[in-house]
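1. Kindly return the folded structure for what I paste below:
(2 chains)
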Number of protein chains: 2
Amino acid sequence: MAASAPSSSSSTGGDPDPNSTNLRPPSTNYDWSGVAHGCTRKLGMKICGFLQKNNNVDDKSRIVGFFNDQQPKSILTRDNERDSRFRRTETDFSNLYARDLLPAKNGDEYTMQFLLEVVEILTNYVRKTFDRSTKVLDFHHPHQLLEGLEGFNLELCDQPESLEQILVDCRDTLKYGVRTGHPRFFNQLSTGLDIIGLAGEWLTSTANTNMFTYEIAPVFVLMEQLTLKKMREIVGWPNGEGDGIFSPGGAISNMYSVMVARYKHYPEVKIKGMAAVPRLVLFTSEHSHYSIKKASAVLGFGTENLILLSTDERGRVIPADLEAKVIDAKQKGFVPMFVNATAGSTVYGAFDPINEIADICEKYNIWLHVDGAWGGGLLMSRKHRHKLNGIERANSVTWNPHKMMGVPLQCSAILVREKGLLQDCNSMCAGYLFQQDKQYDVNYDTGDKAIQCGRHVDIFKFWLMWKSKGTIGFEKHIDRCLELSEYLYHKIKNREGYEMVFQGEPQHTNVCFWYIPPSLRLLPDGEEKRQRLHKPQHTNVCFWYIPPSLRLLPDGEEKRQRLHKVAPKIKALMMECGTTMVGYQPQGNKVNFFRMVISNPAVTRSDIDFLIDEIERLGQDL
Amino acid sequence: MAASAPSSSSSTGGDPDPNSTNLRPPSTNYDWSGVAHGCTRKLGMKICGFLQKNNNVDDKSRIVGFFNDQQPKSILTRDNERDSRFRRTETDFSNLYARDLLPAKNGDEYTMQFLLEVVEILTNYVRKTFDRSTKVLDFHHPHQLLEGLEGFNLELCDQPESLEQILVDCRDTLKYGVRTGHPRFFNQLSTGLDIIGLAGEWLTSTANTNMFTYEIAPVFVLMEQLTLKKMREIVGWPNGEGDGIFSPGGAISNMYSVMVARYKHYPEVKIKGMAAVPRLVLFTSEHSHYSIKKASAVLGFGTENLILLSTDERGRVIPADLEAKVIDAKQKGFVPMFVNATAGSTVYGAFDPINEIADICEKYNIWLHVDGAWGGGLLMSRKHRHKLNGIERANSVTWNPHKMMGVPLQCSAILVREKGLLQDCNSMCAGYLFQQDKQYDVNYDTGDKAIQCGRHVDIFKFWLMWKSKGTIGFEKHIDRCLELSEYLYHKIKNREGYEMVFQGEPQHTNVCFWYIPPSLRLLPDGEEKRQRLHKPQHTNVCFWYIPPSLRLLPDGEEKRQRLHKVAPKIKALMMECGTTMVGYQPQGNKVNFFRMVISNPAVTRSDIDFLIDEIERLGQDL
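-> Got it, this is the predicted structure:
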């Protein structure tokens, strides 16, 4: 609560609203004798204010000011006349330290008050995240933050800071961060702030346990198993049979797929290494995620043994190209071992034709992996899941609920169709962890399937979200995001100043486009040019000066070079204004373009309109 | 809050205390007219009670009962006479769903109330975690939990559950879990529940961002850099120079070390794979963590190219054995590439002699990695850091703050002495993420160093803990844990019924011992045997029946077999009683023994006494 923060002016959690007026002057004394249960004035008001703020956004400015009354102490008094055990307590966080919290003797009270202060900061942040009148970010360069903005000192010291300063640090950390849940944050595939997921994460960190054994994570281990089975059912594997595990992200999940494929074909690699096998080659689309390339480097295949497949203009693998390259590799004496089909590519949102790829994989006995890190979520939608037709023929699937399904980071699953492979591939049978003489069924000790030892509990938030939304809730979310991207697509496809990177409706929520500032547009001779030319004449002699913005800029290298700089410039301006964020990148021989993606349930059409307005506002004069 | 839970009897967060009495009957009406700011009776009492509970453990039974009054509705009324905008609101979570929370229109109020309910559950859990009168766990077999205990249904459905049910699910999840922060949970290297760390995790999940770029995690990226530099300074690298990254655990950190070593010696592996290089061999102690073996399998070396080093009786590598095996490998034409020295082995807590190992590595040009996942924390202690002498000569170091330093899971660092290697080894230069034409210094985009793409924010909780404790706070914690383990060691080393697995004071907090139940003890002829023999005679003829417990059980295979079963049996009983948890395992040719470790700041001598009493109580009749 800002009341306990000495530098509340630099804090986000309890930002003072310049328009705020105090509900009541804090020095006034009220007759609180009627308050049962010993909540006295100061804390009572604080908590009531907390709830008021939380309950009525309109009122917040009136309340927030109340907590910025420059009184650093929060005072708790319990004064129940009927019970002498109730006593007055004063809490001044400036004299309290971490060592005063639990497990310190009598640390219970301070601990609860401290955690309540933290929750106040966090809930204020949550409210602001959804408030369109707040910025998405308050951008500063690294050197500015390192120099210590308004007393926000990142350096670590030998001596402890007071809890008051810790609370200020928490506010400042949020203040200078990026609101990834803001309705106008479009920068990444993972956006949004799901409240149930957030609650799930808070619980997960309070439970603070580890997934390696049933022994210390019984509930979470079972939740993982049930959820993975459900996901396999949705993929389409009979009875949800198979295996899987949650990993620390899509890149690691994809790496698992390559490892398991290798083990399936050449189990001796585990013991003898890559030297013992023929030259193995892997295939993936030139539009696929770079993690497949990382995996080929990490696992000892070498990136030159990853063969890139050509795509059509929409970024989808051309199956004939795959077959040709498989045949070519075989002719060279290499062994085609692994094909990655992308379901929802990172930039274009393209879905490779899985069935046609599966035909080739079956024909040549190649492991088929589907990287559905981004597109897997569409399996939840009866309307859109056809885009992944054939996925049930895959040997393994990556699916990141932390992307399209809005689960907080990190939450990524690798699913494997053949049971037992994951365990056989990775197990090392550590005696200190996976004892076979435990009193319970040790098949539930799943840690030896992982390449990790300790493993973070990523399942609970996802399980809780699924419980709270039901499968149909995820479906609605997916359908809605896709509708919004259609809206964007139709809005800009014929709009002046826009050019689509590929033609046709996007398969996923990715909408890729160039914004062409007026100075780069082809302005043909005609009435508009006449009108615009009419104004800037500064000459007495009989010729026109044609400013750059009115010249015909032909398609060509100069235009490409200039267009390449447009998206970065607009993005930089966006970040400095803090109004919105959207990604850009080049792709192949295409210069920098915007990639708009939608995965945040908070987004509405108005936010998309806002983005377009903002691009035009910031790009007008480039 | 239990008031909103229909099945509060199956919930932990708000367990009704059987001795509780209601502070006031909930049906009574009070005159709350004096309450400013519109906090009315129901919620006011609820919140006041929340704070009372949090502020006085002694009073909790009196208050907790109040929240179990079978009234599922929490009611919020704001009734400020001076402001008509204040209005009465009723909240019944049984009719609310996830879809009613933010970003739903008017979802602000429900969101805040829901989060407050969750926090109530979590803070109750925190309090109980530190309360020695609570159990460490409430053990159930997998099939019991899967069948659905007291309505706790783990299955996922198509339709959503109400928020009321979600809150019950949260309570049940905690109820059937394991309190890893309990002062009597000794089962793992990661124990304890640090309040500042917990607050840090709550904030991290609220910020919900990703470490790959400065763009979307500016503050966290800088915190990571500063903290890694500080850690390198403590390791002893000049000016803290070098590189590093936080990874999803010690196993992955160790894997990084092998990858970077390989890249340093054979950068062509990245492109050409393991087939392009000679046969590389790795060395590690037979007592080292199994993740080194996992890494050799994953990365394509093959586990047979990992050579295990012999140790002394304390589990420390014998340097002469390393040198002999290096020479032997070279003679066979293999290339010794990587040595792992363990600083704090998992079972014995042994510290390999780093300086002597470093001499050999320098002599043969081998990469030296120090796996300080468990023992790295001792670097924070001036008293104990000498055990890692020579670590500054390592090429890379794994150090897990989530173990000995009590940081919540996951928090593991890989540190690399040579700058740039990590980037060169792992970078794939993905254009959509690591654009070089951003407006800020893109050297701060550290994601391309990682084998992951998205990367969870593991730094903040650690940074915040460091701020709040200072370096000296960590030092005190380390010293205290080591003192406690000395206490345990001295308590049992000569105690009847105990045998130490290795002699001498432990180097780390690991104390490894067998408990020998009376039935397995060597009872020599003497007065005690005479006394005990006196009782169980059931015979009229002139001989003694000597029951097994009084027989001289010579050291030998039968005793070994029986002793092997003792620790698992006691452990099973402990878990069923729920009173404490401690790990056991065999090691080499040694049968199952207990491995006691201390990393939880909540532990006191009395908890160690309790453990010993409990082992004796449960093991008495085995």
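
2. For chain B, what's its nearest residue on the stretch 301-450 of chain A.
-> Closest to chain B within the stretch 301-450 of chain A is A:G302: 2.8 Å, counting by C-beta to the nearest C-beta. No exception for glycine: its C-beta is placed from N, CA and C like everyone else's.

3. Contacts only, for the residue nearest to that residue when sequence neighbours are not counted.
-> In space, not counting the residues next to it along the chain, A:G302 is nearest to B:G273; the distance is 2.8 Å by C-beta to C-beta, 6 or more residues apart in numbering or on different chains. By C-beta atoms under 8 Å, 6 or more residues apart in numbering or on different chains, the residues touching B:G273 are A:274, A:279, A:296, A:300-302, A:304-305, B:300.

4. Which of the residues you listed are buried, as a ChimeraX select command?
-> A single ChimeraX command selects the buried members of these (16 or more other C-beta atoms under 10 Å in any protein chain shown):
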select /A:274,279,296,300,301,302,305 /B:300
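
5. Most widely separated two among the contacts of B:G273?
-> Spatial extent of these (C-beta to C-beta) is set by the pair A:E304 and B:G300 at 14.8 Å.

6. Could you look up the SS state of A:I245?
-> Of the three states, A:I245 takes strand under DSSP: H, G, I helix; E, B strand; the rest coil.

7. Surely it is in contact with A:I451?
-> No: with contact defined as C-beta atoms under 8 Å, A:I245 does not count as touching A:I451 (9.5 Å).

8. More neighbours: which of the two?
-> A:I245 (27 against 24; other C-beta atoms under 10 Å in any protein chain shown).

9. Tell me who's in contact with the residue of the stretch 301-450 of chain A closest to chain B.
-> Contacts here follow C-beta under 8 Å, 6+ apart; on that basis A:G302 touches A:296, B:269-276.

10. circling back: got the phi and psi for the residue nearest to A:G302?
-> Main-chain torsions, B:G273, degrees, to the nearest 10: phi 90, psi 180.

11. I'd like to know how far it sits from A:S94.
-> Going from B:G273 to A:S94 by C-beta to C-beta, to the nearest Å gives 59 Å.

12. now A:M428
-> To A:S94, A:M428 is 50 Å away according to C-beta to C-beta.

13. distance between stretch A:459-473 and the chain's centre?
-> The chain centroid and the centroid of stretch A:459-473 are separated by 17 Å, computed with C-alpha atoms, centre = their mean, to the nearest Å.

14. Quick check: buried residues in that stretch?
-> Neighbour-count burial for stretch A:459-473 [16+ other C-beta under 10 Å]: A:459-471, A:473.

15. So that stretch, near chain B or not?
-> Yes: judged by C-beta under 8 Å from any C-beta of the partner chain, stretch A:459-473 and chain B are in contact via A:460, A:463-473.

16. biggest separation within these, which pair?
-> Using C-beta to C-beta, the residues of stretch A:459-473 next to chain B span at most 21.1 Å, a distance reached by A:F460 and A:I472.

17. Grab the nearest non-local neighbour of A:V603.
-> Nearest to A:V603 is A:P183, by C-beta to C-beta, 6+ apart, at 5.3 Å.
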